[in-house]
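Enquirer: How does the following fold in three dimensions:
(chains A and B)
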Amino acid sequence: MDKNMISKKKIAIIGTVGVPANYGGFETLAEHLIEDLGQKHDITVFCSGKKYAKSERKSSYKGATLKYLPFDANGIQSIPYDTLSILYSLFFADVLLVLGVAGAWILPFVRIFTNKKIIISIDGIEWKRDKWNVFAKWYLFWAEGLAVKYSHIDISDNEAIQDYTASRYGSLSRIIEYGADHTMKVPITTEATEQYPFLKGLYAFKVCRIEPENNVHVILEAFTKTNKMPLVIVGNWDKSAYGQSLKVQYSDHPNIQILDPIYNQKQLDVLRGNASLYVHGHSAGGTNPSLVEAMYLGLPILSFGVSYNRVTTENRALYFDGLDNLIQAINEIYLAKLKSIGEEMGKIAKRRYTWSYIAFKYDLLIEEALLAQDKMEVVPEIKNIPYSQLLELGQAHNKTNYNF
Amino acid sequence: MYSIHIIGPLAAILMTLLVIPVLRKIAFRINMVDKPNFRKVHTLPIPLVGGVGIFIATTLALGLTLPFDLDILGFKNIYLAMSILLMMGVIDDFYELRATMKLGIQLVLAHFIFSQGIKIESLHGIFGIYELADWMQYGLTLVVIAGAVNAFNLMDGIDGLAAGLAIAGFAVFTILAVLSSQYLLALVFLTYIGGLMGFLRFNLSKSQKVFMGDAGSLMMGFILVVSGIRLIQSAQSTANVSLVILGVVAVMLIPVFDALRVFRKRLKSGKSPFNPDKTHLHHLVLTTGLRHKASSLGIVGLMSGIILIGFISYQLSGLTIAFVSMLFMFSFVTSLLQFHNRLMSWKSKIKRMESTG
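Expert: Sure, this is the predicted structure:
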């Protein structure tokens, strides 16, 4: 028997801020991968030295090795951060699990000169987002192509993104979403009702970054036009001109409660977990961790109707596309319906969005990557036959075939 | 330089300002207007009288030079050829002539120009080639004239672009003419700059807009390329010849190489090179979100950049390197624009996918 079959494989997780997780989706993912796969594999996580002070740094965490690099994991510094992490991991790892495409420019070299297996998660469609300037968009658009082309396996977090990678690159992208079972339903305390009196009644809830792509302006406007239930909305209002002007415009409206960011997770969980309706306005790419978490809490979801959100909620939530049908959707709400949607969301989340299931899916991909030689494609073989030959065979109609 | 070098251009501006409004009214009456279609970027019918307007105005302005002892009549044969081309353009603006027919006329005119002694005789050491054989002189002259005229015609896609490029081109030519002591040519170029500036006043206006039409862009391309060849010939035996060649090539580079780029792309995707689409330089620039005037200004800016790069690398090294660096700059900018274009088209594709999911 091959010695490799029994020895632990070495996995490097690249592109997160680091663990212990204090930040977003990728960090929580890394933490759960360590917990669930740490027995089976030898995991190393690259962490940002900018976010973990010297005193909090550890050489290992829950059995995983930690390496610190002195860069930020986000913004322009993510390029050297991911690149150096990839280069560093070449010295020890068997499988590189790269989260995000910032370092993808180096992957062609890794593929040509080494035998390392690369799994990359392309994380939504980052280049399309309004928050990037044109140069960042150019880079990300280019890097995404390299990431898909030069990885052994690429991961999308949503079916709608799988359609995109298939039509742009002809790649068979695998879908792995996020887990949500770290969220907890916190009961209402008298202390909490004192601070937030609206907890006693029905209320709609939304927490997000205050950005136009999250449709904050549409949702605020809609709730001023209905008195079905008040809207409680938490976010970083003071960070942008957009947020500041919305805060000024809507903070006095009786049906709207604008709250500044809440850093105490428990406090936030009370507000979120006991809401009668969760409003989700995200329009940007992919499966949003916050939506998945709300579903896990069994909240009825009223979501912006882009393909990503519909796929995440299996088309069983309530949807809106603009101001008018949002108002209509809110006005048509009745309690029994909310209850059944909430139950439905909870069921979906317990089936699809638990960390053990997500970690299991990653494990399968790691096994597959170790055996992978070439990349799986969705481009049919017939594409490789010259047109003249197709014509001879009476198959010319297959020259242009669109799968999507 | 004489006082006519100031009076001529001023007269040309003035005449255009007087002539075009009149032509505009006539154009609406006889329906000589450009109607919007899917490739066009305007939404109202626009009179196609700019070319004729510039022609009339500059002819009158050049007429003022007759009393001076400048031998302006020496150009009468070239002027005749240009008038025929203008007429062809006017007819084309009316009836849409067949492409082969237009090319035939252009080749006949190019032959006529060659027979007048205006020809490309030597490559002056570019790629190590000097004096050309007679048949090559003939072939090259015809290809260059017909090619440049059509390339310039294709540049006329957004407000101010063809005129802006022509003004910049004539400005460079004026400098080259003065360097070679060709004061009469300098006067002609300045006069055309005047006519084009007068035209721009209408072309860039909202309420009184006119286009130069095929008539105008063919004529401008023709004057530019014939003058270019003539400038090179007159600098032939002087020390300036390399600099003149550099200037002429730099002026023609954007229209010519953009046309070649578009043709090659169409051939590669299995289409006819003359199949109209939205892939010309100005279409690419528009996808960046710039407005028309800004886009035109940007492309004229690119032209100035190319001229500057060409001049610097010529000073540092020589003609061949100068050509290579000018071409490099052009292809770098167009590649970047194409890349951006691809990004934008994926963005709208994804938008469609998002809403049908």
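Enquirer: Near chain B, which residues of the stretch 151-300 of chain A are found?
Expert: For the stretch 151-300 of chain A, the contact set with chain B under Cβ under 8 Å from any Cβ of the partner chain comprises A:160, A:163, A:164, A:167, A:168, A:283, A:285. Using the backbone N, CA and C atoms, a C-beta is placed for each residue, glycine as well.
Enquirer: Can you flag the buried ones in those residues?
Expert: Neighbour-count burial (16 or more other Cβ atoms under 10 Å in any protein chain shown) applied to these gives A:160, A:163, A:164, A:167, A:168, A:283, A:285.
Enquirer: Is the closest residue to chain A within the stretch 101-250 of chain B part of a helix or strand, or is it coil?
Expert: The minimum distance from the stretch 101-250 of chain B to chain A, using Cβ to the nearest Cβ, falls at residue B:158 (21.0 Å). Of the three states, residue B:158 takes coil according to DSSP: H, G, I helix; E, B strand; the rest coil.
Enquirer: Could you tell me the per-residue confidence at it?
Expert: Here the pLDDT value assigned to residue B:158 is 89.
Enquirer: Residue A:1 too?
Expert: 43.
Enquirer: What about the residue of the stretch 151-300 of chain B at minimum distance from chain A, how many residues nearby?
Expert: Nearest to chain A, among the residues of the stretch 151-300 of chain B, is residue B:288, at 8.1 Å (Cβ to the nearest Cβ). Look at residue B:288: counted by other Cβ atoms under 10 Å in any protein chain shown, it has 15 neighbours.
Enquirer: Please name the residues that touch it.
Expert: B:295, B:337, B:340 (Cβ atoms under 8 Å, 6 or more residues apart in numbering or on different chains).
Enquirer: let's see it at 6 Å
Expert: By Cβ atoms under 6 Å, 6 or more residues apart in numbering or on different chains, the contact set of residue B:288 is empty.
Enquirer: any idea how far chain B is from residue A:250?
Expert: Counting by Cβ to the nearest Cβ, to the nearest Å, the gap from residue A:250 to chain B is 27 Å.
Enquirer: quick one: low-confidence parts of the chain?
Expert: Unless you meant another one, I'm taking chain A. A:1-6, A:23, A:399-404 (pLDDT under 70).
Enquirer: try chain B instead
Expert: Scanning chain B for pLDDT under 70 picks out the ranges B:1-2, B:38-41, B:356-357.
Enquirer: care to break chain A down by domain?
Expert: Taking automatic domain parsing as the criterion, chain A consists of the domains A:3-179+A:356-371, A:190-352.
Enquirer: how many neighbours does residue 316 have?
Expert: Picking chain A for this. Using other Cβ under 10 Å, residue A:316 is surrounded by 13 other residues.
Enquirer: that answer is for a different chain, and I need it for chain B
Expert: With other Cβ under 10 Å as criterion, residue B:316 counts 10.
Enquirer: if we can go back for a sec, show me the buried ones among the residues of the stretch 151-300 of chain A next to chain B that map onto strands.
Expert: With strands taken from DSSP state E, there is no overlap with those.
Enquirer: rewinding a little: burial count for the residue of the stretch 101-250 of chain B closest to chain A?
Expert: 23.
Enquirer: Report the contact partners of it.
Expert: Residue B:158 sits in contact with B:282, B:292, B:295, B:296, where contact means Cβ under 6 Å, 6+ apart.
Enquirer: gap between residue A:49 and chain B?
Expert: 33 Å.
Enquirer: Please report the distance of that residue from residue A:13.
Expert: Distance of residue A:49 to residue A:13, given as Cβ to Cβ, to the nearest Å: 16 Å.
Enquirer: quick one: the helices in the stretch 1-150 of chain A?
Expert: Secondary structure of the stretch 1-150 of chain A, counting by DSSP state H, counting those that start in this stretch: helices at A:3-6, A:25-37, A:78-89, A:107-113, A:134-149.
Enquirer: Which one of the ones you listed lies nearest to chain B?
Expert: Comparison of the helices of the stretch 1-150 of chain A against chain B by Cβ to the nearest Cβ identifies helix A:134-149 as nearest, at 4.8 Å.
Enquirer: any bit of that closest one sitting next to chain B?
Expert: Yes: for helix A:134-149, a contact with chain B is found by Cβ under 6 Å from any Cβ of the partner chain, at residue A:141.
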